[in-house]
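Trainee: mind looking at a prediction? Sequence and model below.
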Amino acid sequence: MGPRPHSRVLASLVAEHGWKCGAEVGVFRGQTLFHLLDTFPSLTMIGVDKWENIDKKSYGRFDLPPIGERVRVQAKTYGARCTVFHMDSVKAAGCVADDSLDFVFIDAFHSYEAARADILAWLPKVKAEGYITGHDWHHKSVARALDELLPGWAKHDHHVWSRAKMDAGPE
């Protein structure tokens, strides 16, 4: 399974900014996480997912626990370059030091409440000169959270969004 189109957009941002440490919130099958690690040998990543069927509409057809186990096994092949948290994204943010990441990529549950909670939990983890990014700005619920918390966020191809931290944050 090759990289998804939004993974390539994120990879171009990593290359453009020279990011060395990031997190992906909402790993699913690990395509984006592993694409980034394979493409950038000096990149260190954190992956976060519960691998639980919260959204039956989107993921109800998948048996998520075995998918999560495969991702966790593959992540171990990257050694210290890849840490996977098998837990709620907001709780996982509590395991990461503030101002420690060059970027975070949020692609988890797409409700307004979940998107808002993820942005609020993960924004402090990003360095002052870093970026908060994510996927699926075309969902009204995600766009609402972005407009509220990260005014002026940028749209990229394949529904990727981004915002420099130095310009971001709730007022």
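Mentor: Noted; the coordinates are in hand.

Trainee: let me see the residues that make contact with the host helix or strand of residue 24.
Mentor: Using DSSP states H and E, residue 24 sits in strand 21-25. Contacts to strand 21-25, defined as Cβ atoms under 8 Å, 6 or more residues apart in numbering, come from residues 14, 32-33, 36, 43-49, 89, 92, 96, 100-108, 118, 122, 125. All C-beta atoms are positioned from the backbone trio N, CA, C, and that covers glycine.

Trainee: select only the buried ones of the residues you listed in PyMOL?
Mentor: A single PyMOL command is used to select the members of the contacts of strand 21-25 judged buried by 16 or more other Cβ atoms under 10 Å:
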select buried, resi 14+32+33+36+43+44+45+46+47+48+49+89+92+96+101+102+103+104+105+106+107+108+118+122+125
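
Trainee: what is the burial count for residue 21?
Mentor: Applying other Cβ atoms under 10 Å, we find 16 residues neighbouring residue 21.

Trainee: got it, and residue 123?
Mentor: Neighbours of residue 123 (other Cβ under 10 Å): 21.

Trainee: wait, isn't it in contact with residue 134?
Mentor: No. Taking contacts as Cβ atoms under 8 Å, residue 123 lies outside contact range of residue 134: 11.2 Å.
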